[in-house]
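Novice: The following comprises the amino acid sequence and a computationally predicted model.
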Amino acid sequence: MVDGTNFDVFGSSKFQNRVIQGALTDRVFFERVFEILKQDFFTTEAHRIIWGEIVKLFNKYDSSPTYDMLRLEIAAIPDSDDKDDALTILVDIEKNASRQEIEHAKEKAFEFCKNQSMKSAILHSVELLKEGKFDEIQKTIEDSLKVTDKTDIGHNYFDSFGSRSKEDKRPNTVPTGFEALDHNNVLEGGLAAGELGVVMAPTGGGKSFMLVNFGYGALAAGKNVVHYTFELSENNIGNRYDSRITGVPTKEIVTRNREVETKLHRFEGGKLIIKEYPTKIATVNTLKFHIGRLQSSGFDPDLVIIDYGDLMRSRRGYDQKRFELESIYEDLRGFAMETKLPIWTATQSNREGFNDDVITIDKVGEAISKVHVADFFATFSQRKFHIGKNRMGAAGVNFDIVIDHGSSLIKLHEDNGSSGLSISEKVSNVLNEGDTRKRIFDRYREKL
């Protein structure tokens with residue numbers, strides 16, 4: 001009986017011969033179906049034996065086996081009534097090759113495997129729905145959709161030097177607006193597509209102000225920004241942007257509203273969307289759906305601001321806060337890579353960092369993995385801005401910081417302890433100081 005769950009839907013076993021033949025002769029096809037072509041899709045035990053041996057040999061040698069290798073392995077199977085049939089099929093596959101039939105079988109088999117993968121995901125989602133695990137449903141479906149025809153082999157290193165050598169900066173960067181951070185030896189123009197930047201400060205230390213300044217830096221460069229807030233209202237965040245863009249203190253916006261409105265109309269920059277969600281309600285999926293709606297409406301963000309990651313909810317749900325935070329930041333990193341958007345967010349330091357002038361990354365609250373997954377991780381107090389981790393350039397560098405809460409303005413200056421060194425000289429010194437991050441940290445701790 002043909003029930004649509006195996007290759008019986010394609011008729012004779014000859015089709016299954018050609019599927020196996022395609023896997024043995026076409027490495028690209030084999031890699032596409034390796035994870036999704038199940039043994040049970042074959043309708044005879046002989047075909048299942050052959051496919052099982054192909055998978056086993058591939059896992060062992062990391063390459064598709066030869067016919068001779070398969071014959072030896074199948075012949076060595078003990079007490080099997082079907083191995084003779086399997087050996088007969090191998091003879092047919094090796095001697096009879098029709099390129100047209102093989103191509104047809106590869107195409108149909110791949111589509112069948114994709115459909116079965118999606119069907120399996122949907123059935124699994126029904127069980128998740130019964131258990132109320134709604135966010136896991138989204139992930140299950142997304143994982144199934146990752147089965148794709150694309151076969152990108154990657155960056156051909158030697159052949160692509162010409163294109164690399166023409167790039168002065170990293171591609172698709174979004175400026176922060178801070179010269180000290182956008183410097184070539186730090187972020188080389190800003191945070192780039194697919195990267196996650198995190199800033200850390202104590203409670204009430206100005207995390208939201210810093211994120212607004214990052215958003216302003218992007219807007220001033222003509223970039224579109226979507227700013228998510230999980231603690232403050234949309235109006236509150238909007239007022240901070242009003243102040244940062246116009247220079248009018250937040251408390252004076254109402255009384256000087258005409259002046260503010262005029263300056264906003266004259267501002268030549270990107271577009272800004274501010275979206276508010278209640279604390280511990282939004283997951284990464286919530287943001288994905290919202291960005292999808294924005295794109296459908298014609299708004300394509302260049303930068304995502306999340307104020308802030310600690311106030312989101314994990315898609316999986318954990319009882320312990322540490323595991324919950326680890327999951328959130330891993331999701332954010334994957335979100336950045338998947339959407340190819342740079343993401344800035346903030347996190348809170350622990351109590352030990354509350355009174356420190358320079359807050360080091362060991363003062364991160366709850367989950368140190370926030371640092372591990374971030375591309376750029378910086379801390380700041382009321383006096384110092386400290387780059388703790390930076391995959392793009394220098395780390396262990398300190399800057400003096402001035403925070404004007406009234407006008408939402410933050411400035412970074414040369415560290416007064418740098419003996420008059422310029423940003424470039426100071427960063428270069430740090431880069432040349434040693435091979436390990438420990439030596440960099442030790443040097444700058446001695447200066448404090």
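Specialist: Thanks, I have the structure now.
Novice: ok, and L325, which helix or strand is that part of?
Specialist: helix 321-339 (DSSP states H and E).
Novice: Can you list the buried residues in that helix?
Specialist: Of the residues in helix 321-339, 323-333, 335-336, 339 count as buried by neighbour count, 16 or more other CB atoms under 10 Å. (Glycine included, C-beta is placed from N, CA and C.)
Novice: Format the residues you listed as JSON lines; extra columns: pLDDT and distance to K56.
Specialist: As requested, those are exported to JSON lines (pLDDT from 0 to 100; distance: CB to CB, whole Å):
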{"residue": "F323", "pLDDT": "82", "distance to K56": "36"}
{"residue": "E324", "pLDDT": "82", "distance to K56": "40"}
{"residue": "L325", "pLDDT": "87", "distance to K56": "41"}
{"residue": "E326", "pLDDT": "87", "distance to K56": "36"}
{"residue": "S327", "pLDDT": "86", "distance to K56": "35"}
{"residue": "I328", "pLDDT": "89", "distance to K56": "39"}
{"residue": "Y329", "pLDDT": "91", "distance to K56": "38"}
{"residue": "E330", "pLDDT": "90", "distance to K56": "33"}
{"residue": "D331", "pLDDT": "89", "distance to K56": "35"}
{"residue": "L332", "pLDDT": "93", "distance to K56": "38"}
{"residue": "R333", "pLDDT": "92", "distance to K56": "35"}
{"residue": "F335", "pLDDT": "90", "distance to K56": "37"}
{"residue": "A336", "pLDDT": "93", "distance to K56": "38"}
{"residue": "T339", "pLDDT": "90", "distance to K56": "38"}
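Novice: farthest-separated two in those?
Specialist: Taking CB to CB as the measure, the buried residues of helix 321-339 span a maximum distance of 24.4 Å, between F323 and T339.
Novice: Surely K275 is in a strand?
Specialist: Yes. The assignment for K275 by DSSP: H, G, I helix; E, B strand; the rest coil puts it in a strand.
Novice: Got the confidence number for it?
Specialist: If you check K275, the pLDDT there is 96.
Novice: And for R27?
Specialist: With respect to pLDDT, R27 has a value of 80.
Novice: Relative to L264, how far out is it?
Specialist: Relative to L264, R27 is positioned 58 Å away (CB to CB, to the nearest Å).
Novice: picking that back up, going toward the C-terminus from the helix holding L325, what's the next helix or strand?
Specialist: Immediately after helix 321-339, counting by DSSP H and E, sits strand 343-348.
Novice: Can you work out which other helices and strands pack against the helix or strand where A378 lies?
Specialist: Following DSSP H and E, one finds A378 within strand 376-380. Strand 376-380 sits against strand 196-201, strand 384-390, with contacts defined as 3 or more CB pairs under 8 Å, 6 or more residues apart in numbering; DSSP states H and E.
Novice: so where is the stretch 1-150 of the chain shaky, pLDDT-wise?
Specialist: Applying pLDDT under 70 to the stretch 1-150 of the chain picks out residues 1-3, 62, 134-135, 138-139, 142-150.
Novice: try 80
Specialist: Within the stretch 1-150 of the chain, the set of residues satisfying pLDDT under 80 comprises 1-4, 11-12, 28, 31-32, 34-35, 59-64, 79-81, 96-98, 128, 131-150.
Novice: For N350, state which of the buried residues of helix 321-339 is nearest.
Specialist: The shortest approach to N350 among the buried residues of helix 321-339 belongs to L325, at 12.2 Å (CB to CB).
Novice: So S117 belongs to a strand, correct?
Specialist: No. According to three-state DSSP, S117 belongs to no strand; its state is helix.
Novice: what sits against the residue nearest to V402 when sequence neighbours are not counted?
Specialist: The spatial neighbour of V402 that comes closest, neighbours along the chain excluded (CB to CB, 6 or more residues apart in numbering), is K411 at 4.6 Å. Contact partners of K411, counting by CB atoms under 8 Å, 6 or more residues apart in numbering, are 401-402, 404.
Novice: from memory K340 sits against A193, does it?
Specialist: Yes. If you go by CB atoms under 8 Å, K340 and A193 touch, sitting 4.6 Å apart.
Novice: who has more neighbours, the two?
Specialist: A193 (17 against 11; other CB atoms under 10 Å).
Novice: can you pull the pLDDT of the more buried one?
Specialist: So A193 comes in at 93 (pLDDT).
Novice: Could you give the backbone dihedrals for it?
Specialist: With angles defined as degrees, to the nearest 10, A193 sits at phi -60, psi 130.
Novice: excluding its backbone neighbours, what's nearest it?
Specialist: Using CB to CB, 6+ apart and skipping residues adjacent in sequence, the residue nearest A193 is N172, 4.0 Å away.
Novice: quick one: L87 from I50, how far?
Specialist: From L87 to I50 the distance is 9 Å (CB to CB).
Novice: Please apply the same query to H227.
Specialist: H227 is 56 Å from I50, by CB to CB.
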